[in-house]
Structure formats: structure tokens, C-alpha cells
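>>> based on what follows, work out the 3D shape:
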Amino acid sequence: MIYTPLITPAAAVDIVNAVQYYEQQLEGLGSRFSTEMTDAVGRICTLPFSFSIRYRNVRGVKLKSFPYLLLFQINDKTATVSILRVYSTYQKPLWK
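So this is what the prediction gives:
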């Protein structure tokens, strides 16, 4: 079963900020980040239970080329995956 992605407002802000940051670093890099995000969301929606639980019922998947972790929850009843945050692993943890 393919799950439908739902991106929370906080995750949307994370994505926009990361794209803008990388685009300022090098033209086209923001686009590469966006493409890699799209690929990761596709993997999550196809096989959401294959990713490890980070805490409680929140799972995470690392981006391949960027230091980011997508944190998400699965709702099996509605067949949705909620992307909660797109977290830079260079930051202090969100929970501290």
C-alpha cells in the first residue's frame, strides 16, 4: 500500500529554509536538496515501516547527500505519513 504524505507547517518551513540556505551557498544546490527530499518522501510513502523508530512512534530517514533527518509518523488507519520536521543534524536537538 502506498501512503499519502502530509507535510506539517513546521516541516514546510524547515524545507523552505534549507532550500534557501543551500541555494545561497551554490546555485542549483537548493534544487538538488529539494529533489533529494522528494525522493526520501517517496521512499517513506512506499515502505514507511522499514525506517527505524527514533522515539515513541516517530520514525526517521536520513537524506543521502545532505545532513538532514526527516522525522515522520505513520497513520495506518488513514494510510497517511505525516512529515513532522526536516531536521538538520548539525543543529542542537529539537527536544533540548
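
>>> which residue ranges form the strands in this protein?
For the chain, applying DSSP state E gives strands covering 4-7, 53-55, 58-62, 68-75, 80-88.

>>> quick one: contacts for the spatially most central residue of the chain?
Against the mean C-alpha coordinate of the chain, by Cα atoms, centre = their mean, the closest residue is residue 70 at 2.8 Å. Contact analysis of residue 70 by Cβ atoms under 8 Å, 6 or more residues apart in numbering lists 11, 37, 40-41, 44, 60-63, 83, 85-87. Backbone N, C-alpha and C define where each C-beta goes, glycine included.

>>> where in the protein is pLDDT low?
Filtered on pLDDT under 70, the chain yields the residue ranges 91-96.

>>> could you redo the last one with a cut-off of 90?
Applying pLDDT under 90 to the chain flags residues 1, 54-55, 87, 89-96.

>>> so how far is residue 56 from the residue nearest to the centre of the chain?
As judged by Cβ to Cβ, to the nearest Å, residue 70 and residue 56 stand 16 Å apart.

>>> same check on residue 10?
Distance from residue 10 to residue 56, by Cβ to Cβ: 17 Å.

>>> hmm, back to that, out of the contacts of residue 70, who has the most neighbours?
Top of the contacts of residue 70 by neighbour number is residue 86, holding 27 neighbours under the definition other Cβ atoms under 10 Å.

>>> that one bridge partners, please.
Beta bridges link residue 86 to residue 70 when assigned by DSSP bridges.

>>> OK, contacts around it?
11, 14, 15, 18, 37, 68, 69, 70, 71.

>>> ok, now residue 33?
By Cβ under 8 Å, 6+ apart, the contact list for residue 33 reads 18, 19, 22, 63, 66, 68.

>>> got it, and residue 4?
45, 78, 79, 80, 81.

>>> which one is the last one nearest to, not counting chain neighbours?
The one in question is residue 81. residue 3 (4.6 Å; Cβ to Cβ, 6 or more residues apart in numbering).

>>> I'd like to know how many residues surround that neighbour.
The tally of other residues near residue 3 (other Cβ under 10 Å) stands at 20.
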